[in-house]
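K.L.:
Task: produce atomic coordinates for the following.
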Amino acid sequence: MPNLEQLTFSLTVTRRTFIDGINLKQDIVRHLSRLTRFIFHIRTLVQILDPQHQLFANDIKNTFNDWKYGLVNCHVDYFSDGVGQCHIYSIPFKMIRIDGVTHSFFGNCFRFVIEIRLYDVHPFEHIYFKWIACAVPLLKFLVVDNMTPPKRKEVFETMNESKYLIISFLRLIRVALTNAHMDYVELFLHDTKFNLPCLSSLEINYEKLVTVTNNFTSDLTRIKCTQLKILDFRKNIVYPEHFNLYFPLLE
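P.N.:
Now for the predicted structure:
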C-alpha cells in the first residue's frame, strides 16, 4: 500500500521485545511515503528473560523523538510471572477498547473508549476508579480481573457518611467480575458505593453473588440487582425459590 495517506490500527501482539518508535519507522513508515496521518495503539507482551535489561516508559518514548505524526504516550508494566507489557499509543487516544489496564495506567485522553479490561496483581484503589469515571466518560463495558483487594478499603467504607466519594459510571451497562476479589464485587453491587444507573448485565461467579447478597436477601445490593436483565455465571445453576424476586427483570 505505498500510496496510503492515512493509517489507523489497534494491535495486541506477543513477541521477544517491545514494539517501539524505531520498529514503526523501519517496518511501516518507511514503506508509506505518502503517509500523513498515523493513529495507533499497540500492546506488546514479552517474556522477560533478564530482569537486568528491563526497558521503561522513558526508554520507549525516546524512540519517538523525531516522530512526525503527533504526540505519543507509553506505559510499561512488569508482572511477577516474568511477563512484561508495553502500551504505545497516539494522543489523543482514538480507539474504543483498551485491554491490560493496570493500577498505574493513567491519562486524560480516553474520551472515545467504551470498553476497558482491568488486569493486575496490585490492587485497584478508590482513586483509580475515580480516574476511570472521569477519564473514560463513555465507558459501557468493564472487566475487573484482580484477586488482590484494595488496601485502603476504609475509604470505600466511609461512603455512607461522605456522599461526595460515591463514584458515578453514568453509561456503564455491563460489568464482568468473575475473576475479581469479593471486595470489588461489593464496590459495584452495594448501593452506597458506586452509582451505576444503566447497569443491566453482570458476569460473576455464582458463589460470590450468593455471598455479597446474603443469599439474595440484602438490602445493600437489592437496588442494583433489580436493575439487572442479564446474569452470566458461565455454568448452569439451580436457583432458590426467592431468586426471581431479587432479580425481577432477568431475561
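K.L.:
Next up, the contacts around the closest residue in space to residue 122 that isn't next to it in sequence.
P.N.:
Closest residue to residue 122 apart from its sequence neighbours, by C-beta to C-beta, 6 or more residues apart in numbering: residue 103 at 4.7 Å. Every residue, glycine included, has its C-beta placed from N, CA and C. Under the criterion of C-beta atoms under 8 Å, 6 or more residues apart in numbering, the contact list for residue 103 reads 120, 122, 123, 124, 125, 128.
K.L.:
can you tell me how far residue 103 sits from residue 53?
P.N.:
Separation of residue 103 from residue 53 (C-beta to C-beta, to the nearest Å): 24 Å.
K.L.:
pLDDT wise, what is the residue nearest to residue 122 at?
P.N.:
Predicted confidence (pLDDT) at residue 103: the value is 96.
K.L.:
so which strand or helix has it?
P.N.:
For residue 103, there is no host helix or strand (DSSP states H and E).
K.L.:
Quick check: the gap between it and residue 146.
P.N.:
Distance from residue 103 to residue 146, by C-beta to C-beta: 8 Å.
K.L.:
And for residue 1?
P.N.:
In terms of C-beta to C-beta, residue 1 sits 40 Å off from residue 146.
K.L.:
Looking at the two now, which is surrounded by more residues?
P.N.:
More crowded of residue 1 and residue 146, by other C-beta atoms under 10 Å: residue 146, with 22 against 9.
K.L.:
who does that one bridge with?
P.N.:
Going by DSSP bridges, residue 146 is paired in beta bridges with residue 180.
K.L.:
repeat for residue 89
P.N.:
Going by DSSP bridges, residue 89 forms beta bridges with residue 41, residue 73.
K.L.:
any idea of the pLDDT on it?
P.N.:
97.
K.L.:
Contacts only, for it.
P.N.:
So residue 89 contacts 40, 41, 42, 72, 73, 74, 95 (C-beta under 8 Å, 6+ apart).
K.L.:
which ones are touching the fifth one?
P.N.:
So the one you mean is residue 73. 61, 87, 88, 89, 91, 107, 109.
K.L.:
Would you map the helices across the protein?
P.N.:
21-27, 57-61, 126-135, 153-157, 182-189, 206-212, 222-227, 243-246 (DSSP state H).
K.L.:
worst average pLDDT in the ones you listed?
P.N.:
helix 153-157 (a mean of 58).
K.L.:
Show me the shaky parts of the stretch 151-251 of the chain.
P.N.:
152-164 (pLDDT under 70).
K.L.:
Please repeat the previous calculation with a cut-off of 80.
P.N.:
152-165, 251 (pLDDT under 80).
K.L.:
can you list contacts of stretch 127-143?
P.N.:
103, 106-118, 167-176, 187, 194.
K.L.:
gap between the two ends of that stretch?
P.N.:
End-to-end distance for stretch 127-143, by C-alpha to C-alpha, to the nearest Å: 17 Å.
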